[in-house]
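Asker: got a predicted structure here, sequence first:
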Amino acid sequence: MMRIVLLVLCGLGLWSVFGSAQEDTEHQQYYPNIPTEVIFENDRVLVQRVVIQRGEWEGIHAHSGDQLFINLSDGETSIRYGDEETTSSVDFGDVGWQRAVDLSERHESGNTGDTPLDFLWVNFKQ
């Protein structure tokens with residue numbers, strides 16, 4: 001699983017070499033309740049590291065573009081869209097996809113497990 005994480009990060013590094021490092025002020029990924037760490041950004045992607053503590057929720061937010069996520073820990077997460085909630089177990093190295101989401105969908109994710117969740121979010125800029 002670590003190979004997947006390294007492969008994605010190496011690919012992003014190549015993008016940084018061949019893509020310009022212009023900042024895209026139209027693409028800002030913000031979670032109201034939790035801090036994020038920007039790992040890398042260029043005109044094509046924004047990579048953030050997010051740690052969600054036990055019982056914590058990101059807060060309702062939008063995604064201006066599609067995202068690829070990479071789990072860096074094991075745990076349990078719940079995802080809400082309005083009044084619908086789905087709970088899933090996640091394992092280190094799991095990779096998944098999150099489509100662009102409008103704020104009107106009232107989307108947020110939370111840590112419903114017993115351990116902190118650690119993610120890399122690869123935000124694709126449009």
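Answerer: It's in.
Asker: so residue 30 touches residue 61, yeah?
Answerer: Yes - using Cβ atoms under 8 Å, residue 30 is in contact with residue 61, at 6.3 Å. Glycine gets a C-beta too; all of them are placed from N, C-alpha and C.
Asker: looking at those two, which one has more neighbours?
Answerer: Remark: of residue 30 and residue 61, residue 61 carries more neighbours, 18 against 12, as counted by other Cβ atoms under 10 Å.
Asker: for the more buried one, which non-adjacent residue is closest in space?
Answerer: Leaving out its chain neighbours, the residue that sits closest to residue 61 by Cβ to Cβ, 6 or more residues apart in numbering is residue 31, at 5.5 Å.
Asker: again, but for residue 98
Answerer: In space, and not counting its chain neighbours, residue 98 is closest to residue 67: 4.2 Å by Cβ to Cβ, 6+ apart.
Asker: residue 122 too?
Answerer: Nearest non-adjacent residue to residue 122, counting by Cβ to Cβ, 6+ apart: residue 68, 4.2 Å away.
Asker: where does this protein have low pLDDT?
Answerer: Counting by pLDDT under 70, the chain contains low-confidence ranges at 1-28.
Asker: would you map the strands across it?
Answerer: Here the chain has its strands, by DSSP state E, at 36-41, 45-52, 67-71, 75-81, 84-90, 95-98, 107-111, 117-124.
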